[in-house]
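>>> return atomic coordinates for the entry below.
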Amino acid sequence: MSEAYAIDHYENFPVASLLLPAAMRKPIAVVYRFARSADDFADEGERSPAERLALLDGYRAELNRITAEQPPQSALFRDLRDQVLIPHQVPLQLFHDLLDAFAQDVVKTRFADFGEVMQYARRSANPVGRIVLHIAGRASTRHLAWSDGICAALQLINFWQDVAIDWQKGRVYLPQDELARFGVSEAQIAAGTVDDNWRALMAFQVDRTRRMLRAGSPLGLALPGRLGLEIRLTVLGGDAILKKTQACGYDVFRQRPRLRAHDWPLLLLRALFPKRIRS
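Numbers count the residues shown, from 1 in each chain. The predicted model follows:
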């Protein structure tokens, strides 16, 4: 499977794109083959919950074979071992964290508060950024912290884009206590009703998410060359989605905010010429 597979699954944000240093593209594409196929086990098709969890357990077994220095049984995990884990010393726990998040998607459909949402993002999103930094040889403590902020924000942006899609799957990622605080019911989500309460709730989510995204944004200026450009473009893409969410009056039920082909040239220009360097 090629880098294009990864890109196709993340329409809003560049992944294993040509912007990345050439030496990073193949290992990152392997990571996304792992992540997307495991995510599909949890999310796609007509499998029962038990079947989904069994497939994810199969991936865990492959990771455990690598830990035990036994040969993996599938080509994907041989590639993961030979192109990612061994040459770049990427912590194996990051891949276990991803599997834990995908398994949680099978069994958990509601989140009591924002802390629970962030715990999910810590396993579902943050590992990807950390893996990229390890592959790049840039996994300092500060870089990892900035990356976590960006990745968690991108996960939240995906949730706010996909409120209607997730409802059809029986999931609500909006924190239950915040739904109650803003006077929004799940019946309102089911009906796709956009009123003042809904707009206030979503404005709150967008504002908090933007602050998280911007808190991590110095990473794009701290990293050199193409990798820094890639991160800056990713941050700008995320912020553009938030602006589109605001521009549609937070009506994510009738028009899913997303980036289109005509958005990318301006975003790329802004990424190439950032206005100022943040410390």
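>>> which elements pack onto the helix or strand encompassing residue 64?
Residue 64 is part of helix 49-67, with elements assigned from DSSP states H and E. If you count contacts as 3 or more C-beta pairs under 8 Å, 6 or more residues apart in numbering; DSSP states H and E, helix 49-67 packs onto helix 22-43, helix 75-79, helix 93-107. C-beta here means a position set from N, CA and C on the backbone, and glycine is covered the same way.
>>> tabulate these (a markdown table), appending mean neighbour count, distance to residue 252 and mean pLDDT.
Formatted as a markdown table, these follow (neighbours: other C-beta atoms under 10 Å; distance: least, C-beta to C-beta, whole Å; pLDDT from 0 to 100):
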| stretch | mean neighbour count | distance to residue 252 | mean pLDDT |
| --- | --- | --- | --- |
| helix 22-43 | 19 | 19 | 91 |
| helix 75-79 | 17 | 34 | 97 |
| helix 93-107 | 19 | 20 | 96 |
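>>> so which of those comes closest to residue 184?
helix 93-107 (22.5 Å; C-beta to C-beta).
>>> for the helix or strand following the closest one, buried residues please.
Using DSSP H and E, the helix or strand that follows helix 93-107 towards the C-terminus is helix 114-124. Neighbour-count burial for helix 114-124, counted by 16 or more other C-beta atoms under 10 Å, picks out 116-118, 120-124.
>>> now do helix 114-124: everything it contacts.
Here helix 114-124 makes contact (C-beta atoms under 8 Å, 6 or more residues apart in numbering) with 97-98, 100-102, 104, 111, 148, 151-152, 155-156, 159, 173, 175, 177-178.
>>> and stretch 194-209, by the same measure?
Here stretch 194-209 has contacts from 153, 156-157, 160, 174, 178-179, 182-184, 188, 242, 245-246, 249-253, using C-beta under 8 Å, 6+ apart.
>>> so for the helix holding residue 64, what's the average pLDDT?
Mean per-residue pLDDT for helix 49-67: 97.
>>> same question for stretch 241-255.
Stretch 241-255 comes out at a mean pLDDT of 96.
>>> just the buried positions in it, please.
Those would be 241-242, 244-246, 250-253, for stretch 241-255 by 16+ other C-beta under 10 Å.
>>> which one of the residues you listed is nearest residue 216?
Nearest to residue 216, judged by C-beta to C-beta, of the buried residues of stretch 241-255 is residue 242 at 13.9 Å.
>>> looking at the helices and strands packed on helix 49-67, which is nearest to residue 164?
Here helix 22-43 is closest among the helices and strands packed on helix 49-67 (C-beta to C-beta), at 15.5 Å.
>>> tell me which other helices or strands the closest one touches.
helix 3-9, helix 49-67, helix 75-79, helix 93-107, helix 126-136.
>>> tell me the two of the buried residues of stretch 241-255 that are most distant?
Pairwise over the buried residues of stretch 241-255, using C-beta to C-beta, the maximum falls at 242 and 253, 17.1 Å.
>>> distance of the residue sitting furthest away from the middle of the chain from residue 81?
Here the chain reaches farthest from its C-alpha mean at residue 70, the gap being 30.5 Å by C-alpha atoms, centre = their mean. Going from residue 70 to residue 81 by C-beta to C-beta, to the nearest Å gives 10 Å.
>>> hey, C-alpha coordinates of stretch 181-199 in CSV?
Extracted in CSV, the C-alpha atoms of stretch 181-199 (Å, rounded to 0.1, in the frame of the first residue of the first chain):
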residue,chain,number,x,y,z
ARG,A,181,-24.4,22.9,30.8
PHE,A,182,-25.4,24.4,27.4
GLY,A,183,-28.9,22.9,27.4
VAL,A,184,-28.4,20.6,24.4
SER,A,185,-30.0,17.1,24.4
GLU,A,186,-29.1,14.1,22.4
ALA,A,187,-32.5,14.3,20.9
GLN,A,188,-31.5,17.6,19.4
ILE,A,189,-28.4,16.0,17.9
ALA,A,190,-30.6,13.3,16.4
ALA,A,191,-32.8,15.9,14.9
GLY,A,192,-29.9,18.1,13.7
THR,A,193,-31.5,21.2,15.4
VAL,A,194,-29.3,24.2,15.4
ASP,A,195,-30.4,26.8,17.9
ASP,A,196,-28.8,29.3,20.2
ASN,A,197,-27.9,26.6,22.7
TRP,A,198,-26.2,24.5,20.1
ARG,A,199,-24.3,27.4,18.7
